[in-house]
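# could you look at this predicted model? Sequence included:
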Amino acid sequence: MIKVLRAETRKLRRPTLALPTLFAAMGLTALTTSLLYLLIDSPSGNGREGVRVSAEQLSLSNGVVYSFQSAATLLGVIALCVFAAQTAQEYTYGTLRNLLLREPSRMRILLGKYVAMSIFAFVIVMASAVVSIGLSFALAADAKVSTALWTSSHGKLAIAHALGNALLSTIGFGTLGMILGLILRSPITAISIGVIWLLIVENLLSAVVKNADKWLPGMQLSAVATGGSLNNSYSRALTIALLYIFIGSVTAAGLFKRRDVTN
Amino acid sequence: MVYEIAISVSNLTKKYDEQVAVSDATFEVPLGTICGFVGPNGSGKTTTIRMLLGLIKPTFGSATVLGHSINNPEKYLAQVGAMIEGPAFYPALSGEENLHVLATLGGFPGSRVMELIDTVGLTGRGNSKFKNYSLGMKQRLGIAAALLPDPKLLILDEPTNGLDPAGIHEIRTLLRELAENGTTVFVSSHLLSELEMISEYLVMLREGKVIFSGLISDLLEAQQSQILVKPEFEVDSDRLMEEIQSAGHTVEIKDGVLHVLVPENLSSEINRLAFAAGITLQSLTPVLPTLEETFFDMTGGQA
């Protein structure tokens, strides 16, 4: 498995993939954080979905990670695209046959790929966290947000929780992408369906179907990233998300193991 | 493990729904030889190769590669190099990086990559991205990838596609060298004249079925040879044809030349018949069938 991991890392670290993805993730996080602080007094809101987040709220010990948590779903979408593309491209390029010649165990290939992409997701989450937290400190004074509690033990614990949840959520979104990539075997189809589902279909469903947000996979992962909400507890969201991921992973892995490699 | 046969296939069959891609294929490839694998497009060559490499599960039948069942590809693939249906690599990576990915995966030393870049004639171009390679360069990289494990068995599907005559010559020489050093080469190609030059053995498929497997020399010897007879004066052609036919031989005229379907050692008899009829011959040429002619003959003229 280590050989697969090292081989996959070679592919993931190529400049045309690693740098744009990293910059996109850091850029989106920087944008979310900047808007949160720069629009703090805006009547149209400064948080997600037009929610107003006050300076007092941001001055709490967990205020330091508010913007990072808001950006976590976007990191998840990026991870979904990367995982889906990296998996499905092996079919479209025909490179899966090369991989299986050098490592005949399909499960080892799959696991090595998954671990490599999860490490990639970890790097993205950490880099985005540094940008978000760093910008929060930089913009706090102008927005009249006190940072006194941010460096307290509670503040540090909030950062640790936010990082863990964002990582869990991002890898969860990535896993959904990998499942789509394995099933659909086309990067464009897998990414299109994944992104449309997460950003459009789930929002439409949750708007028209009562309590749909408590059952949709993307919304569960978003809830995990933000540490849960009043409507949807963290443990419930995590359990349902893991259930989706488990069923999807078993199905996709079964297909990957049994399917003939014909391209 | 001691084995004399590199590939042994027995009643191998692959069906997709109602369509039979490979039907009851049975053949053997001796160790240390170059074996050609020919057949028209869609005859089941690539499907057979994929089954041998564990990429496709057979519907029925069995096969062994280097003494191991194809149900356990992990037992033999470390000693097998293959290029199937053209080279497939990551376009955004360089040729070298692509080889490094496979070398890392297979546990081969990084130094092997540069060695192979030189071997296949890509020196100085290893750092270029694969997407910028010409067809011939891609093909060379595919061969380099197949050679990564220093294979005991090399399976190549159309290795000379896109190569210029010099490149084809290089690959032919390379395959010969590999075979001389003990590598078994199983090569599919539409360039039958090339195969005839380098292969000792041949497996021929038609519509998923093996229609010949064995020594190429046996195949050619079994084919009807002919003698091309050209009279000095064309007006004598019909008369000469009658003389040869009356002696019990089959003759047909193409472009003023008589094609007499007889063994090559009957040239003197044809010459005597012409002399007795007072016909002077301009040429009398025994011709053995080529692999290409034999192929067309056996596959019903399909390309």
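Good, I have the coordinates.
# from here on, contacts and neighbour counts on C-alpha atoms
Will do.
# let me see the ranges of the strands in the stretch 201-303 of chain B.
Here the stretch 201-303 of chain B has its strands, by DSSP state E, counting those that start in this stretch, at B:201-206, B:209-215, B:226-231, B:251-254, B:257-260, B:281-287.
# which helix is the longest one in chain B?
helix B:165-180 (DSSP state H).
# centre of the chain to that one, how far?
Relative to its chain's centre, helix B:165-180 lies at 13 Å (C-alpha atoms, centre = their mean, to the nearest Å).
# likewise for stretch B:100-114?
On C-alpha atoms, centre = their mean, the centre of stretch B:100-114 falls 29 Å from that of its chain.
# end to end, how far does that stretch reach?
Chord length of stretch B:100-114, first to last residue, is 10 Å (C-alpha to C-alpha, to the nearest Å).
# next: stretch A:10-17.
Separation of the first and last residues of stretch A:10-17 by C-alpha to C-alpha is 11 Å.
# residues contacting it, please?
Contact with stretch A:10-17 is made by A:18, A:117, A:120, B:92-93, B:97, B:101, as judged by C-alpha atoms under 8 Å, 6 or more residues apart in numbering or on different chains.
# phi first, then psi, for A:Ile40.
Backbone dihedrals for A:Ile40, given as degrees, to the nearest 10, come out at phi -60, psi -30.
# and A:Arg259, by the same measure?
The phi/psi pair for A:Arg259 (degrees, to the nearest 10) is phi -60, psi 140.
# contact residues of chain A facing chain B?
By the rule C-alpha under 8 Å from any C-alpha of the partner chain, the part of chain A lying against chain B is A:3-4, A:6-8, A:10-11, A:14, A:16, A:93-95, A:97-105, A:259-262.
# okay if I get the strands of the stretch 201-303 of chain B as TSV plus mean pLDDT?
Output for those, formatted as TSV (pLDDT from 0 to 100):
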stretch	mean pLDDT
strand B:201-206	87
strand B:209-215	85
strand B:226-231	87
strand B:251-254	85
strand B:257-260	86
strand B:281-287	86
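# now for B:Arg272, how many residues are close by?
12 (other C-alpha atoms under 10 Å in any protein chain shown).
# next up, the contacts around residue 101.
All of this is about chain A. By C-alpha under 8 Å, 6+ apart, the neighbours of A:Leu101 are B:53, B:77-78, B:81-82.
# meant chain B, my bad for not saying
So B:Val101 contacts A:7-8, A:10-11 (C-alpha under 8 Å, 6+ apart).
# please redo it, this time with the cut-off set to 10 Å
A:3-4, A:6-11, A:98-99, B:89-90, B:93, B:107, B:110 (C-alpha atoms under 10 Å, 6 or more residues apart in numbering or on different chains).
# try A:Leu58
A:36-37, A:40, A:64-67, A:136, A:140, A:143-147, A:149-150.
# now do it, the pLDDT please.
What the model reports as pLDDT for A:Leu58 is 79.
# may I have the phi/psi pair for it?
phi -70, psi -20.
# now do the helices in the stretch 51-200 of chain B.
Remark: helices assigned in the stretch 51-200 of chain B by DSSP state H, counting those that start in this stretch are B:95-106, B:111-119, B:135-147, B:165-180, B:192-198.
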